[in-house]
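Trainee: for reference, the sequence and a predicted model appear below.
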Amino acid sequence: MDWLKEHRTKLWVAGVALLLVFYLVLTLNRAILLLADPQLIAKAIGAAYLVLPVIGAWALVREIMFGAGLERLGRELEAEGGLPVDALPRTPGGRIVRSAADAEFPRYQAETEAAPEDWRSWYRLGLAYDASGDRKRARAAMRRAIALHRGTTEAPGSSH
């Protein structure tokens with residue numbers, strides 16, 4: 001049961017990804033059938049249907065790569081002892097109390113402003129945005145952390 005709890009999100013993502021792949025295969029099949037139809041309007045619809053699997057596959061791969069990148073950075077930061085302690089109060093439903101998250105936010109914002117090229121500060125800022133309920137900025141901060149991490153994997157202040 002612990003294994004299931006630990007991998008619940010990955011199983012959910014795999015299930016949704018499989019459903020999307022199934023949908024994309026069906027869409028591609030319909031596109032091929034419509035392209036084979038002698039009527040011009042059917043061919044046009046078939047050509048338009050070809051775009052959907054391409055966009056869907058691109059979005060699926062991009063999101064899976066984003067999630068894998070976040071997980072990799074999270075494991076690395078955890079191994080360094082750099083993850084913030086999850087001590088924010090929660091509602092009875094398990095959600096973080098937003099006012100408490102908002103009160104902690106300036107600390108992570110200041111850390112990122114002080115070290116704008118450190119992926120670790122951007123990762124923590126992304127967690128702070130997420131805790132405050134700002135998903136759009138959380139994703140942007142996490143994307144920045146991933147991009148910065150690609151540029152360097154050594155700790156700030158260390159040298160070769």
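Mentor: Received it, and whenever you're ready, just let me know what you need.

Trainee: for the longest helix anywhere in the chain, packing partners?
Mentor: Among the elements of type helix in the chain, defined by DSSP state H, the one spanning the most residues is helix 40-80. Judged by 3 or more Cβ pairs under 8 Å, 6 or more residues apart in numbering; DSSP states H and E, helix 40-80 is in contact with helix 8-36, helix 119-131, helix 135-151. The way it works is simple: take the backbone N, C-alpha and C, and place the C-beta from them, glycine included.

Trainee: of those helices, which is nearest Leu52?
Mentor: Checking those against Leu52 by Cβ to Cβ gives helix 8-36 as the closest, at 5.0 Å.

Trainee: hmm, back to that, so the longest helix of the chain versus helix 8-36, what angle?
Mentor: Orientation of helix 40-80 against helix 8-36 (axes from the mean of the first three to the mean of the last three Cα atoms, to 10 degrees) gives an angle of 160 degrees.

Trainee: avg pLDDT for helix 40-80?
Mentor: Averaging pLDDT along helix 40-80 yields 91.

Trainee: which positions within the following helix or strand past that helix qualify as buried?
Mentor: Next in sequence after helix 40-80, counting helices and strands by DSSP states H and E, comes helix 98-114. Residues of helix 98-114 classed as buried: Ala101, Glu104, Phe105, Tyr108, Gln109, Glu111, Thr112 (neighbour count, 16 or more other Cβ atoms under 10 Å).

Trainee: give me the low-pLDDT residue ranges for this protein?
Mentor: Within the chain, the segments meeting pLDDT under 70 span 1, 152-160.

Trainee: got the domain ranges for it?
Mentor: If the domains of the chain are taken from automatic domain parsing, they occupy 2-72, 98-151, with pieces of a single domain joined by a plus sign.

Trainee: export the buried residues of helix 98-114 as JSON lines, with columns for distance to Leu26.
Mentor: Rendered in JSON lines, the data for these read as follows (distance: Cβ to Cβ, whole Å):
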{"residue": "Ala101", "distance to Leu26": "41"}
{"residue": "Glu104", "distance to Leu26": "46"}
{"residue": "Phe105", "distance to Leu26": "44"}
{"residue": "Tyr108", "distance to Leu26": "44"}
{"residue": "Gln109", "distance to Leu26": "46"}
{"residue": "Glu111", "distance to Leu26": "47"}
{"residue": "Thr112", "distance to Leu26": "44"}
